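>>> Mind looking at a prediction? Sequence and model below.
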Amino acid sequence: MHTTTIIPTQDFLISDLSGGHYDKLVIGRHSESRILGIKHHMPEGFTGRIIIDRVTLLGTKNNERFLELQIVEGKIDPDSLTYVKLKLKDDIRVLSNRTLVHHSPDSLEASVLTIIEKKMLLKGLSI
């Protein structure tokens, strides 16, 4: 899995992925980031599988942190929404943590993460 580009928006960090199960990694930047808003940031006619990290909204100890969904021709397939449990060292989880810290560190301050979790992320540890 490789990241080709990272696109910051007001609500999300969107990473284009290649060579893996997912086409895009989407990270919510704050608690007001709404899943349905993602479709407005996808290329016109986009079809692919995305994984969404909602760590800033839900924290790290939540089984609903990662959400997988399919977008077909620019529209979210509501039947495709599934929660995904990723191990601590999973490549997607590590990439998401690193991307959030490097491209939107201000999102950490406004998140539900504990002070210890924020420090762990800033030191490069996966949470």
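Received, thanks.
>>> Report the buried residues of the longest helix anywhere in the chain.
Longest helix in the chain by number of residues (criterion: DSSP state H): helix 91-103. The neighbour-count criterion (16 or more other Cβ atoms under 10 Å) identifies 92-97, 99-101 as the buried residues of helix 91-103. (Each C-beta comes from the backbone N, C-alpha and C, glycine too.)
>>> Just send these back as JSON lines, with pLDDT and distance to Thr9 too.
Shown next, in JSON lines, are these (pLDDT from 0 to 100; distance: Cβ to Cβ, whole Å):
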{"residue": "Ile92", "pLDDT": "94", "distance to Thr9": "20"}
{"residue": "Arg93", "pLDDT": "94", "distance to Thr9": "21"}
{"residue": "Val94", "pLDDT": "94", "distance to Thr9": "22"}
{"residue": "Leu95", "pLDDT": "94", "distance to Thr9": "18"}
{"residue": "Ser96", "pLDDT": "95", "distance to Thr9": "16"}
{"residue": "Asn97", "pLDDT": "95", "distance to Thr9": "19"}
{"residue": "Thr99", "pLDDT": "95", "distance to Thr9": "13"}
{"residue": "Leu100", "pLDDT": "94", "distance to Thr9": "14"}
{"residue": "Val101", "pLDDT": "94", "distance to Thr9": "18"}
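>>> For stretch 107-116, measure first residue to last.
This stretch, stretch 107-116, spans 15 Å end to end (Cα to Cα, to the nearest Å).
>>> Mind listing the strands the top strand by length along the chain pairs with, and their directions?
Of all the segments of type strand in the chain, defined by DSSP state E, the longest one is strand 75-84. Within its sheet, and counting by DSSP bridges, strand 75-84 is paired with strand 66-72 (antiparallel).
>>> For Leu86, see how far away the residue lying closest to Ser96 once chain neighbours are set aside is.
Nearest residue to Ser96 in three dimensions, chain neighbours excluded: Asp53, at 4.3 Å (Cβ to Cβ, 6 or more residues apart in numbering). Shown here: Asp53 relative to Leu86, a distance of 9 Å by Cβ to Cβ, to the nearest Å.
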